[in-house]
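Student: below are the sequence and a predicted model; questions follow.
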Amino acid sequence: MIYWYDCEFDEYSKEEVKLISIGIVSEDHREYYAECIFNEEICSPWVKQHVLPRLGKAKNRKTKDEIRTELEDFFDEDEAICLVAYKGGHDHVLLTRLFGSMSELHILPHYTWDIKQKVDELRYEGEEVKLPRNKKKHHALADARWARIASLYMIENHGVNIPVIKLNKN
């Protein structure tokens, strides 16, 4: 099953990237969204301007453990999974770290298929790629929905294949 996802995060500190919210859309149209408990006062000015206004009430935020438990149910022990994101480097680390270290990671693949990377590869090969516009940037669930639209556009218009990886859950 394919899971398109996005994380909003803050990297105000050079030592740590902090999860703010996560949104996921599954191939079977289920959706997951959660906001993490974090300190708004120490966020970067950019996050304060672009991300915080799009969040819900702070009282509804969850701990990372609560999010991990909900995601374990959401992924429902799929045997073959592909994670897809747009510029998903930090997103992958934030998502997978909810489950522990890479050596402990059995519920998810060890990498994310990146839309932006595939767009750049196609452009390098001479194809013109114009993704649909994302009108609701910087909200994790809206961005995950857009990632689904963008990758389906690439499949239909550029013959792209998204690999679904069988997991070794041992």
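Tutor: Cool, the structure landed. Bear in mind that the values here come from a model prediction, so they are computed numbers and not experimental data.

Student: tell me the SS of residue 8?
Tutor: Classification of residue 8 using DSSP: H, G, I helix; E, B strand; the rest coil returns strand.

Student: show me the beta-bridge partners of it.
Tutor: Counting by DSSP bridges, residue 8 is bridged to residue 21.

Student: does it touch residue 33 like I think?
Tutor: No. Look at residue 8 against residue 33 with CB atoms under 8 Å: they stay out of range, at 10.7 Å. Placement of C-beta: from N, CA and C, glycine included.

Student: pull the contacting residues for the nearest residue to residue 114 once chain neighbours are set aside.
Tutor: Computed as CB to CB, 6 or more residues apart in numbering, the closest residue to residue 114 that is not its neighbour in sequence is residue 88, at 5.1 Å. Residues in contact with residue 88, defined by CB atoms under 8 Å, 6 or more residues apart in numbering, are 5, 6, 112, 114, 115.

Student: can you redo those residues as TSV with secondary structure, neighbour count and distance to residue 152?
Tutor: As requested, the contacts of residue 88 are arranged in TSV below (DSSP: H, G, I helix; E, B strand; the rest coil; neighbours: other CB atoms under 10 Å; distance: CB to CB, whole Å):
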residue	secondary structure	neighbour count	distance to residue 152
5	strand	27	15
6	strand	28	16
112	coil	23	17
114	strand	20	16
115	helix	25	11
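
Student: looking at those residues, which one is closest to residue 24?
Tutor: Residue 24 lies nearest to residue 5 out of the contacts of residue 88, by CB to CB, at 4.3 Å.

Student: mind listing what the closest one touches?
Tutor: For residue 5, the contacting residues are 22-25, 83-85, 88, 91, 95, 140, 144, 147, by CB under 8 Å, 6+ apart.

Student: now intersect these with the strands, please.
Tutor: Per DSSP state E, strands hold the following members of the contacts of residue 5: 22, 23, 24, 25, 83, 84, 85.

Student: show me where the chain has its strands.
Tutor: For the chain, applying DSSP E gives strands covering 2-10, 18-26, 31-35, 80-85, 113-114, 165-166.

Student: for those, which one sits closest to residue 106?
Tutor: Of all these, it is strand 80-85 that lies closest to residue 106, at 11.0 Å by CB to CB.

Student: what comes up buried for that closest one?
Tutor: 81, 82, 83, 84, 85 (16 or more other CB atoms under 10 Å).

Student: ok, and what's touching it?
Tutor: Outside strand 80-85, the residues that reach it (CB under 8 Å, 6+ apart) are 1-6, 75, 91-92, 95, 108-109, 111-115, 147-148, 151, 162-167.
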